[in-house]
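Undergrad: this one's structure only:
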């Protein structure tokens, strides 16, 4: 299967080329030329299948003969060696907990799959691969964990100064080895712009073998479809429509769900739930897409003012606002509403929402009330609440437990390189480490 650029000015690429390049030469994002269709028999069999079995079938539809089946099976089983439980929070509303991986965030799914696929595709490459990633909190740590000490790969994590939680920053900056953390004076959008500029820079690409580890890389996007099939399978026998509510920033997670639906998963509806950075909900309401500078919130991983994956969503809906808004509803919430939801759900159901999951919960609850569809609702819990300890404890007015796998980062020494919001400075840094 070949992959094309959303900007339509670059030639088609094979999957290995698309994964290694990350971004197309014209600055667009890669999309499969055809969305593979999974047979109805596979959908019907979901309740009986494990996460790994589902992931293998979905991945194989995209990978095809680029990776031998035996290697792909091993890759999937290694990447997904942790549970993704579905917890009923209240009647008819479930949390899909995506934070049981090594860095306790949903990005572990995509990053672990991508790192292994990338290592396979570059196994005969003589040059060192430089992976550049922009993060608003959790992507960087998941990529660092996925690529740490992988031979022949150097990772550069761009994070915005003062705009990630203290524990998230510890997870980004304490690795050493082949992981370099870079603190940028700016926002996540600035970090993402710098990463894209590096990937598209002709001079830099002549001297460095560069790729991306953000959800702009198709190898991050494909695995984000796996858990929609898995969650749907666990609810399938209830015989009711299923709605997914996704906390959304760069919109890779929602795009993964839309990809699953395009492959044949019969999702009733999607909810795009955002904080004050609501450019996509605004588009869904008005038909006008108006990117703007992001604003800081307590759900910092969603502080994105120009989400890259909007381009992919437009491809899936053929740039048709009517199609898009028929499949996806947008909701936006303030920090005060987010805190109120955290308190309310903990008080009523003894369930601890993180600031991002709280927004997805609110979007789901409001959609179900308005639609009166009789659907089952699933909201995505994308990170462990302890990663946002300061927000959680000030909201609940009591201490929360820090899991052992997060505690290990608390006393580690941070190492990072501060730079201005300046491409030349980044370029010099990348070239100096050749």
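TA: Thanks, I have the structure now. These numbers come from a predicted model, not from an experiment.
Undergrad: Dig out what residue 377 forms beta bridges with.
TA: residue 93, residue 243 (DSSP bridges).
Undergrad: didn't it look like it was pressed against residue 362?
TA: No: the pair residue 377 / residue 362 is not scored as a contact, 11.4 Å apart, by C-beta atoms under 8 Å. C-beta: built from backbone N, CA, C; applies to glycine.
Undergrad: Enumerate the positions of the helix or strand hosting residue 329 that are buried.
TA: Following DSSP states H and E, one finds residue 329 within strand 328-332. Under the neighbour-count criterion of 16 or more other C-beta atoms under 10 Å, strand 328-332 has 328, 329, 330, 331, 332 buried.
Undergrad: which parts of the helix or strand following it are buried?
TA: For strand 328-332, the following helix or strand on the C-terminal side (DSSP H and E) is helix 335-349. Within helix 335-349, the residues scored as buried using 16+ other C-beta under 10 Å are 335, 338, 339, 341, 342, 345, 346.
Undergrad: Same question for stretch 33-49.
TA: 35, 38, 42, 43, 46, 49.
Undergrad: and what of stretch 64-82?
TA: By neighbour count with 16+ other C-beta under 10 Å, stretch 64-82 contains the buried residues 67, 72, 73, 75, 76, 79, 80.
Undergrad: Then stretch 406-421?
TA: In stretch 406-421, counting by 16+ other C-beta under 10 Å, buried: 406, 409, 416, 419, 421.
Undergrad: name the element residue 220 belongs to?
TA: Short version: residue 220 belongs to helix 218-221, going by DSSP H and E.
Undergrad: How far off centre is that helix?
TA: 9 Å (C-alpha atoms, centre = their mean, to the nearest Å).
Undergrad: What is it packed up against?
TA: helix 15-21, strand 30-32, helix 107-121, helix 252-262 (3 or more C-beta pairs under 8 Å, 6 or more residues apart in numbering; DSSP states H and E).
Undergrad: Tabulate those in a markdown table, adding columns for mean pLDDT.
TA: Shown next, in a markdown table, are these (pLDDT from 0 to 100):
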| stretch | mean pLDDT |
| --- | --- |
| helix 15-21 | 92 |
| strand 30-32 | 96 |
| helix 107-121 | 91 |
| helix 252-262 | 97 |
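Undergrad: Including mean neighbour count, could those go into CSV?
TA: Converted to CSV, the helices and strands packed on helix 218-221 look like this (neighbours: other C-beta atoms under 10 Å):
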stretch, mean neighbour count
helix 15-21, 21
strand 30-32, 23
helix 107-121, 25
helix 252-262, 24
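Undergrad: Using a markdown table, lay out these together with distance to residue 183.
TA: Converted to a markdown table, the helices and strands packed on helix 218-221 look like this (distance: least, C-beta to C-beta, whole Å):
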| stretch | distance to residue 183 |
| --- | --- |
| helix 15-21 | 26 |
| strand 30-32 | 29 |
| helix 107-121 | 19 |
| helix 252-262 | 23 |
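Undergrad: So which of those is nearest residue 398?
TA: helix 107-121 (28.1 Å; C-beta to C-beta).
Undergrad: Which positions in the next helix or strand after the closest one come out as buried?
TA: Next along the chain after helix 107-121, taking DSSP H and E as the criterion, comes strand 129-134. Buried residues in strand 129-134, counting neighbours by 16+ other C-beta under 10 Å, are found at 129, 130, 131, 132, 133, 134.
Undergrad: Also stretch 157-172?
TA: 157-161, 163-165, 167-172.
Undergrad: One more: stretch 365-375?
TA: Neighbour counts using 16+ other C-beta under 10 Å place 365, 366, 367, 368, 375 of stretch 365-375 among the buried residues.
Undergrad: closest to residue 296 among those residues?
TA: residue 366 (23.9 Å).
Undergrad: Distance of the closest one relative to residue 329?
TA: With distances taken as C-beta to C-beta, to the nearest Å, residue 366 is found 9 Å from residue 329.
Undergrad: again with residue 172
TA: On the measure of C-beta to C-beta, residue 172 and residue 329 end up 33 Å apart.
Undergrad: So for residue 59, which of the helices and strands packed on helix 218-221 sits nearest?
TA: helix 107-121 (7.6 Å).
Undergrad: Which strands or helices does that closest one pack on?
TA: Going by 3+ C-beta pairs under 8 Å, 6+ apart, helix 107-121 lies up against helix 15-21, helix 69-79, helix 138-147, helix 218-221.
Undergrad: and those, which one is worst for confidence?
TA: The weakest mean pLDDT among the helices and strands packed on helix 107-121 belongs to helix 138-147, with a mean of 85.
Undergrad: what comes up buried for that helix?
TA: Buried residues in helix 138-147 (16+ other C-beta under 10 Å): 138, 139, 140, 141, 142, 143, 144, 145, 146, 147.
Undergrad: who's in contact with the closest residue to the fifth one other than its chain neighbours?
TA: In space, not counting the residues next to it along the chain, residue 142 is nearest to residue 107; the distance is 3.4 Å by C-beta to C-beta, 6 or more residues apart in numbering. For residue 107, the set of contacting residues under the criterion of C-beta atoms under 8 Å, 6 or more residues apart in numbering consists of 138, 139, 141, 142, 143.
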